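Enquirer: only geometry, no sequence info:
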């Protein structure tokens, strides 16, 4: 449990303290950073999509509305890549990406993963190789001869491209920085699916996301009395949460509530004193590593007795994997959050 906490803590600390640099296994762009060239390009594409339709549906020489099957020429970090026409052997060094690949039905093509992926992807074969995402064995990776490797920045905290020898060997290394917005999460899913030649299936995963988001948004926009919410990523004494510029904050707003830390940006350490003084109406937690029963722990905290959420018993656990891995499963967390914050309003949400 402690090892798992250290990895997850590193993931969220990375999310809050690093910008888009290097290659590794769970990268985030700091919310305090100005938009990069890649972000600007994505925003421009999104504006164009609002007028002309989604990028998956294009007019080709063979007909209208056909799915664009061209492989990406840049990864999500803006690095030029050459994706093989056929992808039959995959290494995934990011749990969020591993889940996407498994949900695309490609578990049997995954030859290696990071050591955290198996706990989030039961479909993986028992003999799949595992690498420490912080120090992957490059020799073994080269020997595995994958067609493509999916990474993000947990494997290169120093900023160096530790996969240079792999790239130089002609293997496609595709970097997917951990996204801070729901829209970017959708793009990550599409990108992964496009790389493995399954754009239609990727589009379906995104469409399913959008269906849930639209359903929640339709209810949330009509909620007038907004509850305030504190979402604990880790508990006291190392309380960690987020402000604006994080997809979880977007989710709170979609539901019709307000993040008590919305006056701050990105992933943040929070003092116990400031959390208590914020007096949230609801406290959510995804802590599954430090306490067997995180809800009971919060309700029993000394000095929190007069916090509205504690006083009224409005404390709920949100699935850790669904809320912490930025892929299409965030909508599972969205539904849990909605029902926890406004149980009556979202009673009919399936």
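Expert: Right, received. Where do you want to start? Please read these numbers as outputs of a predicted model, since none were measured by experiment.

Enquirer: Quick check, residue 321 in contact with residue 329.
Expert: Yes. Checked against CB atoms under 8 Å, the pair residue 321 and residue 329 is within contact range at 7.0 Å. Quick note: C-beta positions are derived from backbone N, CA and C, even for glycine.

Enquirer: in the stretch 201-350 of the chain, what spans have low per-residue confidence?
Expert: Scanning the stretch 201-350 of the chain for pLDDT under 70 picks out nothing.

Enquirer: ranges for the helices of it?
Expert: 247-255, 272-278, 294-299, 308-311, 320-324, 330-341 (DSSP state H, counting those that start in this stretch).

Enquirer: Export those as CSV, with columns for distance to residue 192 and mean neighbour count.
Expert: Formatted as CSV, the helices of the stretch 201-350 of the chain follow (distance: least, CB to CB, whole Å; neighbours: other CB atoms under 10 Å):
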stretch, distance to residue 192, mean neighbour count
helix 247-255, 17, 23
helix 272-278, 36, 15
helix 294-299, 31, 18
helix 308-311, 37, 18
helix 320-324, 17, 21
helix 330-341, 15, 22
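
Enquirer: Tabulate those helices (JSON lines), appending distance to residue 168.
Expert: Formatted as JSON lines, these follow (distance: least, CB to CB, whole Å):
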{"stretch": "helix 247-255", "distance to residue 168": "34"}
{"stretch": "helix 272-278", "distance to residue 168": "48"}
{"stretch": "helix 294-299", "distance to residue 168": "46"}
{"stretch": "helix 308-311", "distance to residue 168": "53"}
{"stretch": "helix 320-324", "distance to residue 168": "33"}
{"stretch": "helix 330-341", "distance to residue 168": "35"}
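
Enquirer: what's the domain layout of the chain?
Expert: Per automatic domain parsing, the domain ranges recorded for the chain read 2-35+66-197, 223-341.

Enquirer: Just put these in TSV and tack on distance to residue 217.
Expert: Listed next are the domains of the chain as TSV, based on distance: least, CB to CB, whole Å:
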stretch	distance to residue 217
domain 2-35+66-197	11
domain 223-341	5
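
Enquirer: rewinding a little: quickly list what's touching both of residue 321 and residue 329.
Expert: Common contacts of residue 321 and residue 329, defined by CB atoms under 8 Å, 6 or more residues apart in numbering, comprise residue 99.

Enquirer: got a list of what the residue nearest to residue 335 when sequence neighbours are not counted touches?
Expert: Distances taken as CB to CB, 6 or more residues apart in numbering put residue 349 closest to residue 335, at 5.7 Å, once the chain neighbours are dropped. Applying CB under 8 Å, 6+ apart to residue 349 gives the contacts 215-216, 219, 335, 338-339.

Enquirer: now the helices for the stretch 1-150 of the chain?
Expert: Using DSSP H, counting those that start in this stretch, the helices assigned to the stretch 1-150 of the chain run over residues 2-17, 37-52, 95-103, 138-144.

Enquirer: Could I get the average pLDDT for stretch 110-117?
Expert: The pLDDT scores in stretch 110-117 average 96.

Enquirer: any idea how far that stretch is from the chain center?
Expert: 17 Å (CA atoms, centre = their mean, to the nearest Å).

Enquirer: List the contacts of that stretch.
Expert: For stretch 110-117, using CB under 8 Å, 6+ apart, the contacting residues are 4, 7, 25, 89-95, 98, 101-102, 121, 124-125, 128-133, 136, 140-141, 144, 146.

Enquirer: Give the buried residues for that stretch.
Expert: Buried residues in stretch 110-117, counting neighbours by 16 or more other CB atoms under 10 Å, are found at 110-114, 116-117.

Enquirer: How about stretch 176-186?
Expert: Buried residues in stretch 176-186, counted by 16+ other CB under 10 Å: 176-182, 184-186.

Enquirer: The residues you listed in strands, which ones?
Expert: Residues of the buried residues of stretch 176-186 located in strands (DSSP state E): 177-178.

Enquirer: From the buried residues of stretch 176-186, which one has the minimum pLDDT?
Expert: Lowest in pLDDT among the buried residues of stretch 176-186 is residue 178, which has 85.

Enquirer: how far away is that one from residue 94?
Expert: Using CB to CB, to the nearest Å, residue 178 is found at 8 Å from residue 94.

Enquirer: With residue 185 instead?
Expert: In this view, residue 185 and residue 94 are 13 Å apart by CB to CB.

Enquirer: Repeat that for residue 325.
Expert: 9 Å.

Enquirer: Could you check which of these two is surrounded by more residues?
Expert: Taking other CB atoms under 10 Å, residue 325 and residue 94 do not tie; residue 94 has more neighbours (33 against 26).

Enquirer: Thought residue 176 was touching that one, still the case?
Expert: Yes. Between residue 94 and residue 176 there is a contact under CB under 8 Å: 6.5 Å.

Enquirer: shared neighbours, those two?
Expert: 150-152.

Enquirer: Same list (those residues) but as JSON lines, adding pLDDT.
Expert: Below are those laid out as JSON lines (pLDDT from 0 to 100):
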{"residue": "150", "pLDDT": "97"}
{"residue": "151", "pLDDT": "95"}
{"residue": "152", "pLDDT": "84"}
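
Enquirer: possible to save those as JSON lines with distance to residue 76 and neighbour count?
Expert: JSON lines is the format used below for those (distance: CB to CB, whole Å; neighbours: other CB atoms under 10 Å):
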{"residue": "150", "distance to residue 76": "10", "neighbour count": "29"}
{"residue": "151", "distance to residue 76": "11", "neighbour count": "31"}
{"residue": "152", "distance to residue 76": "9", "neighbour count": "32"}
